[in-house]
Structure formats: structure tokens, C-alpha cells
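# the following comprises the amino acid sequence and a computationally predicted model.
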Amino acid sequence: MSIVASLTPALSSLWDGLNPHLIASFYQVDRQGKRIDSAITVKAPLVEAEMEISLNWQSPFEQSGPESKAPALLAMLQSGTLQPFVDAVLGKPKEGEQASGAQKASADFLKQFEGRTGITKLNSTQVFTGMPPVKFSVQALFRAWRDAATEVEAPFEQLMQWSLPEKLSTDGTVLPRLVESAKGETGSIEALLPSLSPVMIALQYKGRTFAPLVIESIGMPLSSPIDADGNFVELLVPMTICSLTALDKEDWANVRKVAM
């Protein structure tokens, strides 16, 4: 762990005796995933933690076979259910009678289709069509031994601040801001994009660091127990955290282990 990281303040409950690898660290980073020197660290064990990578593979040639052109007819041919229809048209030979040439020829012809399919290696070939960002589903546990305000409330409030936009403009339309920009009262960028999006964070857990990430959702279990002052004494905070972009092989190689 770097000297800067060890000197920055940490918001956490008391977890004396717990293996450091079982305590997750959250801290603010820039778009390149580098830690902001003055960033506060929130630490908490994760009751549940799961990383999910979805890879989109599709078969674009799947509908190029004959089944897509005449699905009902091909299904009847392949399953053999077309034979009763032909027998109804040509007539079915009675018991003890020989089938006519036309009946026998039609039966032999239709039997060739049974058990066959139009699926080939070409029209079943999958191609990679992309992937969404990596998603982390976690539940961070905070509980108070001495002071609920500093051990539970403070780290949870910091997570909420990271998840929410830094600033939302109160102006409803662009036109008034453009007028202010023309007068020199504000900049053109602030006129077009007046609000500030949420910050990016890093997750360090079990010796691995994932960054940059964004908090996609966060929950606050209001039914959790409180003390006499109304401070939560325990919170199990569910969060969904996503990577800023999709990851490639090189990005995954950078998720290297760090010293705890």
C-alpha cells in the first residue's frame, strides 16, 4: 500500500482481529483510476460480493437456413407429420392391398426429410458483438462498537456523497444560461452542461484493485436498529458498482494484487 493511502483518513467501524483481505476499501479516483491524494477511504467487510462479466455472443446467420423461409413446411417434413396429409390426398391403401406407385414414391420421398436439419456450422457460428461494463453486487456491513456516528453514519454518508451527482443545476432551460454566457457572466461550457456528475471510485478487496468504478445503485435499510440519538448502530448497505468502461485483457492484467 502506498504512503499516501496509509496517511489518508479512513471511515470505518472497528474490525480488530479481522483479516485485512476481508475488509474492502473504497476511495475516490480520477478517470484513469489513479487515487486522488486527499481522498477519504471507506472501509467495510463485504457480507456478499459478486463480480459479473457479461459477454455478448450472437449467431447472425441463424435465420439463413431453409427453416426461416418456410418454417411450418420444413417442420412437417422433418418430423414426418406431412405423410398423413399426403395419404389423405392420394388415398391410403386398404389392409391387404399394395400401395400404388404414386403412394410408394411419395412415402419414400417424404421419408428422406425425417431427422434432417438445416443447421450447419456456418449458420450456427457465433460472433462477438460487445460487452457491457463489469458489474459488482456487494453488501457492505457497518456496525458500531463505540460511536455510531463515526463508525456507521460517517462512512455511509461518504458512500452516498460519492453515488450522487456533485451538483445539479436549478436552471430548467439552456436559453437563460446562454444569455448569461453571452454577457460574460458564465462560461459557454457551464451554460451547455451546468451540472456535475458523480465521482468515480476504486474498490480494493482481497488484494485486488478495481478502478475506475461508478456506483450504479445504493440502498439504505431504514429498518436497521438505531441508538438513543437516532444514529444507526448497524447498516447492511447493498450496492451495485460498475466499471466505467468494458474491460479487455490488458485491463484485467492490471487488476493485480497489492500488498495489504
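Nice, thanks for sending it over.

# just the CA trace of the strand or helix carrying T240, in PDB.
In this assignment (DSSP states H and E), T240 forms part of strand 234-243. Extracted as PDB, the C-alpha positions of strand 234-243 are listed here (Å, rounded to 0.1, in the frame of the first residue of the first chain):
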ATOM      1  CA  GLU A 234     -25.700  -1.300  12.200                       C
ATOM      2  CA  LEU A 235     -26.200  -0.900   8.400                       C
ATOM      3  CA  LEU A 236     -26.000  -3.600   5.700                       C
ATOM      4  CA  VAL A 237     -25.700  -1.400   2.600                       C
ATOM      5  CA  PRO A 238     -26.500  -3.000  -0.800                       C
ATOM      6  CA  MET A 239     -24.600  -1.500  -3.700                       C
ATOM      7  CA  THR A 240     -24.300  -2.200  -7.400                       C
ATOM      8  CA  ILE A 241     -20.900  -0.900  -8.700                       C
ATOM      9  CA  CYS A 242     -20.000  -0.900 -12.400                       C
ATOM     10  CA  SER A 243     -16.700  -0.300 -14.200                       C
END
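
# what packs against it?
Counting contacts by 3 or more CB pairs under 8 Å, 6 or more residues apart in numbering; DSSP states H and E, strand 234-243 packs against strand 135-143, helix 154-163, strand 208-218. (Glycine included, C-beta is placed from N, CA and C.)

# could I get the average pLDDT for it?
Across strand 234-243, pLDDT averages out at 96.

# now do that strand: everything it contacts.
Strand 234-243 has contacts (CB atoms under 8 Å, 6 or more residues apart in numbering) with 44, 47, 133-144, 152, 156, 159, 163, 201, 203, 210, 212-221, 224-225.

# just the buried residues of it, please?
E234, L235, V237, M239, I241, C242, S243 (16 or more other CB atoms under 10 Å).

# okay, now the sheet partners of that strand, with direction.
Each strand paired with strand 234-243, and its direction, by DSSP bridges: strand 135-143 (antiparallel), strand 208-218 (antiparallel).

# if we can go back for a sec, out of the helices and strands packed on strand 234-243, the one nearest A39 is which?
Nearest to A39, of all those, is helix 154-163, at 9.9 Å by CB to CB.

# check which helices and strands that closest one is in contact with.
The contact analysis (3+ CB pairs under 8 Å, 6+ apart) places helix 154-163 against strand 10-12, strand 23-29, strand 41-52, strand 135-143, strand 208-218, strand 234-243.

# could I get the average pLDDT for whichever helix or strand comes after the fourth one?
Okay, so that is strand 135-143. Using DSSP H and E, the helix or strand that follows strand 135-143 towards the C-terminus is helix 148. For helix 148, mean pLDDT is 95.

# now do stretch 36-43
The pLDDT scores in stretch 36-43 average 87.

# flag every buried residue along that stretch.
I36, A39, I40, T41, V42, K43.

# ok, now how distant is the second one from P60?
Using CB to CB, to the nearest Å, we find A39 at a distance of 45 Å from P60.

# hang on, the earlier thing: buried deepest among the strands paired with strand 234-243, which one?
Highest mean neighbour count among the strands paired with strand 234-243 (mean count of other CB atoms under 10 Å): strand 135-143, with a mean of 20.

# state the mean pLDDT of that strand.
For strand 135-143, the mean per-residue pLDDT is 96.

# packing partners of the helix or strand encompassing F128?
Assessed by DSSP H and E, F128 sits inside strand 127-130. Counting contacts by 3+ CB pairs under 8 Å, 6+ apart, strand 127-130 is packed against strand 56-58.

# got the CA positions of the strand holding F128 in CSV?
Taking C-alpha atoms only, strand 127-130 is exported to CSV below (Å, rounded to 0.1, in the frame of the first residue of the first chain):
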residue,chain,number,x,y,z
VAL,A,127,-19.7,-13.6,-33.4
PHE,A,128,-18.7,-11.3,-30.6
THR,A,129,-20.9,-8.2,-30.6
GLY,A,130,-19.7,-6.4,-27.5
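
# and this structure, what are its domain boundaries?
The record assigns the chain these domain ranges, following automatic domain parsing: 3-55+131-253, 60-127.

# shaky segments in this structure?
1-8, 63-115, 117-118, 172, 174-192, 257-260 (pLDDT under 70).
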